[in-house]
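*Asks:* need the 3D shape of this:
(one chain, ligands or ions: 3)
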Amino acid sequence: MHVLVLNPGSSSLKYHVRDTSVPEAEASVQASGQVNWAPQARSDPSRLDEVFNVINAGLAKSTEAGHIEAIGHRVVHGGDQFRRPTRVTADVVAAVERLGALAPLHNPASAACMRTAGIRWPDVPQVAVFDTAFHASIPEYAARYAIPEDVYKAQRVKRYGFHGISVEMACRDAAGFLGVPGSSLNAVVAHVGNGASVTAVRGGMSVDTSMGMTPLEGLVMGTRSGDIDPSIVLLMQREGATPDEVDEILNHRSGMLALAGTADMRDVGAAVERGEPKASLALDIYAYRLAKYIAAYSMVVRRPDALVFTGGVGENSVAFRTKVLSWLLPLGLAMDQDRNLSPREGIRVVSADGSSFPVLVVPSDEERAIAEATASLLEEDTKDRRGRRR
Ligand SMILES: Nc1ncnc2c1ncn2[C@@H]1O[C@H](COP(=O)(O)OP(=O)(O)O)[C@@H](O)[C@H]1O
Ligand SMILES: CC(=O)OP(=O)(O)O
Ligand SMILES: [Mg+2]
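*Replies:* Numbering: from 1, shown residues only. Ligands and ions are numbered 1, 2, ... in the order given. Now for the predicted structure:
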């Protein structure tokens, strides 16, 4: 099936056309591109229409790519309501929009994309695939915050977790690589890109993850603070900051941008090599936070089959992986520097043979996961309809 995948991020909209009948990830890409957008463009219909003109021009370059049979959307927040890929209807668009209160950088854009795509391609079925769905298996003792019941109930304030589309796919790829059945895989998966999170996977299912009610909790990220004492928010408010200003500070002006002066780990790495102490401290803080989570989650999953690095930083930054692993020596994890330095593409082992469990680098491919989930839901629907007619 030819699926147009729309992945609206905080700073860009990525689009792909994937042919799900082609099993090789790279060969399945028939068109791809990225449109950068300012915050106001994300849910403004006329601006979004311009973005879709750019996508259309990209699709027009090839006849295969121009022939779209389905549209798959990455939706960051599905709340408690959406635990599996879901056919897009007017009710689904409205629900995704309502959940925008919990994911203001992502959900309004997804809802707007669904509406615009429905106008552009009225006969093409659309499917929403949720980042939160893979984490629906997290037990209540890991998902709940110790806050009063009325606060919890007002907005279902609990840990949802994100990056599930990427983590689930990385688990499938890692299980295949290791020769372990997917349903028995135990792993700690670090998705480290601009946004970053780490997930404990036991028996192929998510049992804990570092992001919480929103994608702000947990690790230090490009521009997000990750875990902080909530009293810091109160302090900022007492100093006069409005909720929007606090949001701006913690989501957009914190993380590596605040610590190192840049959110791009390539620049941080270069500054560390030049011997800049600020960059070096920033990398230490970034790696140390992740190492603490990995150590804790290694206990949570009990016997990990692997530690998996994925996402732009996890896949590409040798200095980052080295720093993280240096904290994890007591777990018996050992890096092989030649393997770590190797620029080889695809899934690979970067740990030494004597490591207590292997450390893998697995390329993240959210678009492939979304295309496959979209095709399989629609194919199931078609089978069901045929079955009912018989
Ligand atoms: N060669 C590299 N070395 C270090 N970091 C890299 C490299 N290539 C990409 N990155 C980092 O990956 C980040 C983007 O990761 P990605 O997973 O694409 O993020 P997102 O999808 O969250 O925007 C960039 O901000 C950059 O810091
Ligand atoms: C959920 C999230 O943080 O996504 P991204 O890493 O794409 O910003
Ligand atoms: Mg991403």
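*Asks:* the chain against ligand 1: which residues are in contact?
*Replies:* 9, 193-195, 222, 264-266, 269, 311-313, 316-317 (Cβ under 6 Å from any ligand atom). In this view, the C-beta of every residue, glycine as well, is placed from N, C-alpha and C.
*Asks:* low pLDDT regions in this protein?
*Replies:* 38-41, 63, 65 (pLDDT under 70).
*Asks:* tell me which parts of it are close to ligand 2?
*Replies:* 9-10, 76, 131, 162-163, 193-195, 215.
*Asks:* which one of the residues of the chain next to ligand 1 is nearest to ligand 2?
*Replies:* Taking Cβ to the nearest ligand atom as the measure, ligand 2 lies nearest residue 195 of these, at 2.4 Å.
*Asks:* the closest one: how many residues sit nearby?
*Replies:* 25 (other Cβ atoms under 10 Å).
*Asks:* give the contact list for it.
*Replies:* Residues in contact with residue 195 (Cβ atoms under 8 Å, 6 or more residues apart in numbering) are 10, 162-163, 215, 221-222, 224.
*Asks:* got it, and residue 335?
*Replies:* Contacts of residue 335 by Cβ under 8 Å, 6+ apart are 321-322, 325, 350-352, 355, 359.
*Asks:* roughly how far apart are it and residue 220?
*Replies:* 21 Å (Cβ to Cβ, to the nearest Å).
*Asks:* my guess is residue 345 contacts residue 362. True?
*Replies:* No. Using Cβ atoms under 8 Å, residue 345 is not in contact with residue 362, being 11.5 Å away.
*Asks:* quick one, which of these two is more surrounded?
*Replies:* Applying other Cβ under 10 Å to residue 345 and residue 362 shows that residue 362 carries more neighbours, namely 27 against 10.
*Asks:* give me the distance between the more buried one and ligand 2.
*Replies:* 16 Å (Cβ to the nearest ligand atom, to the nearest Å).
*Asks:* please report how far that residue lies from residue 182.
*Replies:* Between residue 362 and residue 182 the computed distance is 13 Å (Cβ to Cβ).
*Asks:* just residue 289 next, same as before
*Replies:* For residue 289, the distance to residue 182 - Cβ to Cβ - is 29 Å.
*Asks:* so for those two, which residue has more residues nearby?
*Replies:* A count of neighbours by other Cβ under 10 Å puts residue 289 above the other of residue 289 and residue 182, at 20 against 15.
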